[in-house]
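Engineer: what follows is a predicted protein model with its sequence.
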Amino acid sequence: MTKTMEFKGRCLCGEVAFEGEAPDEPISTCHCKQCRQWGSGPFDAYSLPLKNLQFTAGEDAVKYYESSDFARRGFCSKCGSNLFWHADRHPQWKDRISIAVGALEQPTGLSAGNHIFCAAKADYYEIEDGRPQYAHED
């Protein structure tokens, strides 16, 4: 039986709020250029089945930026908080969504997993925490 966890989250201003229950899986830290430009550093994300995400407020306040030919990034249209990465046009990942871990209420109960897109990391930091590193995606 897969262990699950409950989560709640919101944007900075509280306009957008969400919750759900999903498999308890480690987060990924993405070092790609788009993630760094989007949030001024690596993007820590909790990936889960899209069907496990329910909005409790402000779903209409979420706006999406089409950041590639297969994915979009969701943010609050009121405060600008980065909230989601969704590969909605990718056959393998379209049914999953990644939530910005910083938007989740504490304690999350999550653990840190892999670093991905390490080949694209910025030159101003090193990855020295001993977690698995992948040049691209895991």
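Structural biologist: On my side now, so go ahead.
Engineer: please identify which helix or strand holds the nearest residue to Gly102 once chain neighbours are set aside.
Structural biologist: By the measure of Cβ to Cβ, 6 or more residues apart in numbering, the closest residue to Gly102 outside its immediate chain neighbours is Asp44, 7.0 Å from it. From N, CA and C alone the C-beta is placed, and that goes for glycine too. Element membership for Asp44 (DSSP states H and E) is strand 43-49.
Engineer: ok, Cys79 next?
Structural biologist: With DSSP H and E as the test, Cys79 turns up in no helix or strand.
Engineer: go ahead and confirm it touches Cys11.
Structural biologist: Yes: with contacts counted by Cβ atoms under 8 Å, Cys79 reaches Cys11, the gap being 5.5 Å.
Engineer: the more surrounded of those two?
Structural biologist: Comparing Cys79 with Cys11 by other Cβ atoms under 10 Å, the one with more neighbours is Cys11, at 25 against 13.
Engineer: how near is the closest residue to Lys121 other than its chain neighbours to Gly113?
Structural biologist: Of all residues not flanking Lys121 in the chain, His31 sits nearest, at 3.9 Å (Cβ to Cβ, 6+ apart). Noted for His31: a distance of 14 Å to Gly113, by Cβ to Cβ, to the nearest Å.
Engineer: neighbour count for these two, which is higher?
Structural biologist: Using other Cβ under 10 Å, the more surrounded residue of His31 and Gly113 is His31, with 21 against 18.
Engineer: flag the shaky bits of the protein, pLDDT-wise.
Structural biologist: Scanning the chain for pLDDT under 70 picks out the ranges 1, 138.
Engineer: that one: strands as residue ranges?
Structural biologist: 4-10, 17-23, 27-30, 43-49, 53-57, 62-66, 72-76, 82-86, 96-100, 112-116 (DSSP state E).
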